[in-house]
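Enquirer: the following block contains a protein sequence and its predicted model.
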Amino acid sequence: MSKVLAIDTSSFVLGVAVTDGEQVAGELITNNKKNHALRLMPAVSKLMEELKIEAKQLDKIVVANGPGSYTGVRIGVTTAKTLAWSLGIPLVMVSSLEVSAQIGRYTTHSIIPIIDARRGQVYTGLYRSEGDEVIQAEADQLILLEDWLQQLSERTGSFLFVGQDVMLHQTVIKEVLGERALFAPKSMALPRPSELALLGQKREAVESLHAATPQYLQLAEAEAKWKAAQKESEWGR
């Protein structure tokens, strides 16, 4: 059976999992602000040691490639690319929002994953459950939460909001959507790396490891400011 290592550092949550075929061999999840760069590889090593699985036994690496924390996404993708290259195995990249949306499997409502993007903005998308799969109904996007809720209010049906950042916006969501807004239990708020691994088993690997890039959906703040400054400089010449 195919052994898959999944890595997710796209938020404060650090998650690693190993699956063996359709079976979840093990997963490790923490939710704090400690440095992912220092903790990721020790977490991978610890999990694989407990499972008595060696790196050479892995058949595929799967990584959550954003959107989310710029630094977190970069750490996860860079580590996953390095592991895949050094082991000579495929790399699969999956949307962080899609991983969160798996919580809504079997619901009859639209599934709305939320990742806070600051300044009133959120990373979000719209997913639906079809059978035992969660299908993306609309592309992931960066949008003002106010605008997104207005768009949802004009649609029919109810919405299941999922993700660890939903609690930051729950009051506003309720004000706009009322009883049409449903919320996943807090015990199900964190994205599961085991879900990421299982999703990755069904996906095509990236064609080029070196060309594989994170899905930020926006420039990092520092890069955006630098590009704006460069543009102003050019206009001033």
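Expert: Now that the structure is in, tell me what you want to look at.
Enquirer: next up, the contacts around the most centrally placed residue in the chain.
Expert: The residue lying closest to the centre of the chain (CA atoms, centre = their mean) is residue 96, at 1.4 Å. Residue 96 makes contacts with 8, 10-11, 64-68, 73, 115, 123, 191, 215, as judged by CB atoms under 8 Å, 6 or more residues apart in numbering. No exception for glycine: its C-beta is placed from N, CA and C like everyone else's.
Enquirer: rerun that using 10 Å as the cut-off
Expert: Contacts for residue 96 (CB atoms under 10 Å, 6 or more residues apart in numbering) come out as 8-11, 13, 63-69, 72-73, 76, 113, 115, 123, 140, 163, 191, 196, 214-215.
Enquirer: show me the helices in the chain, by range?
Expert: 36-51, 70-87, 96-101, 145-153, 166-177, 193-201, 221-235 (DSSP state H).
Enquirer: which parts of this structure belong to which domain?
Expert: 3-95+191-220, 97-188 (automatic domain parsing).
Enquirer: between the two ends of the shortest one, how far is it?
Expert: Between the opening and closing residues of domain 97-188 there is a gap of 14 Å (CA to CA, to the nearest Å).
Enquirer: again with stretch 185-193
Expert: Start to finish, the residues bounding stretch 185-193 are 18 Å apart (CA to CA).
Enquirer: buried stuff in that stretch?
Expert: Neighbour-count burial for stretch 185-193, counted by 16 or more other CB atoms under 10 Å, picks out 189-193.
Enquirer: again with stretch 194-209
Expert: Within stretch 194-209, the residues that count as buried by 16+ other CB under 10 Å are 194-201, 205-206.
Enquirer: end-to-end on stretch 46-65?
Expert: First-to-last distance for stretch 46-65 - CA to CA - comes to 23 Å.
Enquirer: contacting residues for residue 179?
Expert: residue 158.
Enquirer: ignore the last one, residue 184
Expert: Per CB under 10 Å, 6+ apart, neighbours of residue 184: 100, 103-104, 107, 111, 113, 160-163, 166.
Enquirer: compare those and tell me which is most surrounded.
Expert: In terms of neighbour count, residue 100 stands highest of the contacts of residue 184 at 37 neighbours, by other CB atoms under 10 Å.
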